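Got a predicted structure plus its sequence, pasted below:
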Amino acid sequence: MIEFKDVYKTFDVPVLAGVSLTVETGETLSIVGPSGTGKSVLLKTSIGLIVPDSGDVLIDGESVYSAGGQKLYEIRRKVGYVFQYAALFDSMTVFENVSMGLREGEADRLGKDEVVARVSRALDEVNLDPAIVLNKLPAELSGGMKKRVGLARAIVGEPQILLYDEPVTGLDPVNTATVDHLITEIAERRGVTSLVVTHDIEGALAISDRVALLDHGKLRFIGTPDEFRTSDEPLVKAFANRQAAAAAALKIMEEP
Amino acid sequence: MTGAVRAFLAAFGRSAEGTFRFVGGMSILAAHSVRALVTGRVALRDILDQGVEMGVGSLPLVLVTAVLSGIVTSQQGGYQFTSSIPLYVLGSVVTSSIILELGPVMTAFVIIGRVGARITAEIGTMQVSEQIDALLSLGRDPVSALAAPRLVAGTITMPLLVGIANTVGMFAGLVSARLTVGLGDEAFLYGARLFWHNWDLFYSLMKATVFGFIIPLVSTHMGFLTRGGAEGVGRSTTTSVVIMIISVLVLDALFPPLFLN
C-alpha cells in the first residue's frame, strides 16, 4: 500500500499543493492530468527521488522520509520503478541492466547461471526474446524494447509495488497496447500494487481499478473508470471526451 | 551610488554563498565516499576499471607532455645561462622544475582534460537521463557506485603517472641538454645532484596525490549537480574544467609556503 499524506512541493512555482492519496494493496491506480501538473514529481516523492517540502509518503505503513540508510534501502527494494525513457544504463548490456534489478550482492550469491535464468524469465515476461536481446546495448534497441527492458529490470527483483512514469509516452499504438497489456498482466499474475502516471487517458481507463486526476498540484477527482467516464466535473469531462477537450481548448484560445 | 554598492554587495554575497555551497557539497561527497570505502561498499572491480582508464589510458598523453616539458625547460635554461653561470646548473634547474612543478601540474592538466571532463559529462548525462534516479530506485548508492571508485582510482593513479612523468621529463631534459647546448650527461647529473633534496620527490608525489583526489571530486560533484538536458551537460562540463584548473592552480600555490620552508 502507498499512502501520500498532504504532500507539498514547490520548485519555482507550487507543483504539489497538498496531495493525499492511498493506493490499496493489489490495486492499479492511474494518475492522469495535463502536462506539467506534477504527476511525475508525485511519483518520485514516493521513494524519495524528490523530497517534498512537507507531508509524508508511507510504503506499507513505513514512512519514506523518517527512514534513512538501510531502512530506506529496504523500502526501495519493495518498489520497482519504470522510468519515462527507461533510464537504462548506457554502458551496460541488457543482461547487466536487468540483473541490476536484483538485490545488491545477490548476483554474486546466486551464481551466473541462476542470474541468467532469472533475467531471462523477466525478459520473457515482457515479451522479449533473451537469446536476441541479452547481449545488446540499450543504443541497439527500439523505444518499445527499451521500455520493456526497463520493465524487466523493475520486476526481476520481485517487488510488491510497481511505479510507472509515463509508460507509453513516445510509443506507437501497437507498442502502447503491448505495454498496457503487460501492466495488467503483471499486476494480475504477481498481485502487485501498481501506480501509473500517464497522459494516455484511454489506456489509463482500460488498465486501472481507479483513476485520479491531478491538476495544478491538487487531486480533482478519484474514482473508478466508469465514474470517471460519467463524471460531471468539467475538467474530467474534458479528459474523458476528446470532443469536449477540443471544445475546451478552443474556448481557452478564443478567450482574450 | 548606494544602489551600485548594494548591487555589488548582493552579487558578492550570492557568489560567496554559491562558493560555500559548492565546497560544502564537495566535502559531503568526499565524506560519503570515504564512508562507502571504509564500510566495504565500493567494488574493487570498479576501482580497477577506473584506475586502468585513468592511468593506462592517459599514459601516452602524459608521456608526450613530460617529454616536451623536459625539452623546453632544458632549452630555455640553456639559452638563459650565459658565461657567468656554469652550465651544469642546468641539470638542477631541469630536475627541480620538473619534479617540483611541471611534472605534477602538467600531468594534472592532462588528467583534467582527458579524465575530469569525461567524468562530469558521463555522470551529468546519467543525471539528466534519470540513470542516477534509476540507481537510487534499485536501492543502489550512486556515491558507492560512481564517485568513490573514481576518487580512489584518481588518488592512487595520479602519483604513479607523476612519477613516470618526472622520470621521463628529466631524461628528455638530459638528452635535450646534450643535443642542443652541448652539456654532457655527467655534468647534467652533477648539477642535478648538487641541489638535490629527497624531500622534493616526496613533495612532488604529495602534490600528485592531492591533485588526484581533487580532480575526480570536482568532476563527480559537478556531474551530480548537472540539470537541463544536453545543454546542461555541456555547461556543467565547461564549468567543471574551469573549477578543476583553478583548484589545481590554487592548491599548487599553497604548496610552497606550506611544505618548502
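Cool, the structure landed.

Tell me, what's the model's pLDDT at residue 28?
Here I'm looking at chain A. As predicted, residue A:28 sits at a pLDDT of 95.

that's the other chain; I wanted chain B
Predicted confidence (pLDDT) at residue B:28: the value is 95.

pretty sure it belongs to a helix, no?
Yes. Per DSSP: H, G, I helix; E, B strand; the rest coil, residue B:28 lies within a helix segment.

What separation is there between it and residue B:15?
Using Cβ to Cβ, to the nearest Å, one obtains 21 Å as the distance from residue B:28 to residue B:15. Quick note: C-beta positions are derived from backbone N, CA and C, even for glycine.

and what of residue A:97?
The separation that residue A:97 has from residue B:15, given Cβ to Cβ, amounts to 42 Å.

Just want to know which of the two has more residues nearby.
Taking neighbours as other Cβ atoms under 10 Å in any protein chain shown, residue A:97 and residue B:15 compare with residue A:97 leading, 26 against 10.

wait, doesn't that one sit right on residue A:156?
No. Under the contact definition of Cβ atoms under 8 Å, residue A:97 does not touch residue A:156, with a separation of 9.8 Å.

Output the below-cut-off pLDDT ranges for chain A.
Where chain A drops to pLDDT under 70, the residues are A:242-256.

Helices of that one, start to end?
Defined through DSSP state H, the helices belonging to chain A, from first to last, are A:39-45, A:70-77, A:94-99, A:106-110, A:112-125, A:130-133, A:143-155, A:173-190, A:201-207, A:225-230, A:234-240, A:242-254.

Nearest approach to residue B:118 belongs to which of those?
Distances from residue B:118 to each of the helices of chain A were compared by Cβ to Cβ, and the smallest falls on helix A:94-99, at 20.4 Å.

what does the closest one contact?
Helix A:94-99 is touched from outside by A:88-89, A:107, A:115-116, A:118-119, A:122-123, A:133-138, A:141, A:149, A:152-153, A:156, with contacts defined as Cβ atoms under 8 Å, 6 or more residues apart in numbering or on different chains.

filter these to the buried ones?
Neighbour-count burial (16 or more other Cβ atoms under 10 Å in any protein chain shown) is assigned, among the contacts of helix A:94-99, to A:88-89, A:107, A:115, A:118-119, A:122-123, A:133-134, A:138, A:141, A:149, A:152-153, A:156.

of all those residues, which comes closest to residue B:243?
Using Cβ to Cβ as the measure, the one of these that approaches residue B:243 most closely is residue A:89, at 26.7 Å.

just checking: which of the contacts of helix A:94-99 also lie near chain B?
Subset of these in contact with chain B: A:88, A:89, A:153, counting by Cβ under 8 Å from any Cβ of the partner chain.

dump the residue contacts of the first one.
Contacts here follow Cβ under 8 Å, 6+ apart; on that basis residue A:88 touches A:94, A:97, A:138, A:146, A:149, A:150, A:153, B:131, B:134.

which non-adjacent residue is nearest it?
residue A:138 (4.1 Å; Cβ to Cβ, 6 or more residues apart in numbering or on different chains).

and if you look at residue A:27?
Using Cβ to Cβ, 6+ apart and skipping residues adjacent in sequence, the residue nearest residue A:27 is residue A:209, 4.9 Å away.

okay, now residue 226: neighbour count?
Just so you know, I chose chain A. The number of residues packed around residue A:226, counting by other Cβ under 10 Å, is 10.

that's the wrong chain, I meant chain B
Other residues near residue B:226 come to 24 when the count uses other Cβ under 10 Å.

show me what contacts the residue most central in space within chain B?
By Cα atoms, centre = their mean, the mean C-alpha position of chain B lies nearest to residue B:108, the distance being 2.9 Å. Residue B:108 makes contact with B:158, B:208, B:211, B:215, B:248, according to Cβ under 8 Å, 6+ apart.

rerun at 6 Å
Contacts were defined as Cβ atoms under 6 Å, 6 or more residues apart in numbering or on different chains; by that measure residue B:108 touches B:211, B:248.

what's it sitting at in phi/psi?
Main-chain dihedrals, residue B:108, degrees, to the nearest 10: phi -60, psi -40.

picking up where we left off before, please produce TSV containing the contacts of residue A:88, extended by distance to residue B:254.
TSV is the format used below for those (distance: Cβ to Cβ, whole Å):
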residue	distance to residue B:254
A:94	48
A:97	44
A:138	44
A:146	48
A:149	49
A:150	47
A:153	46
B:131	36
B:134	40
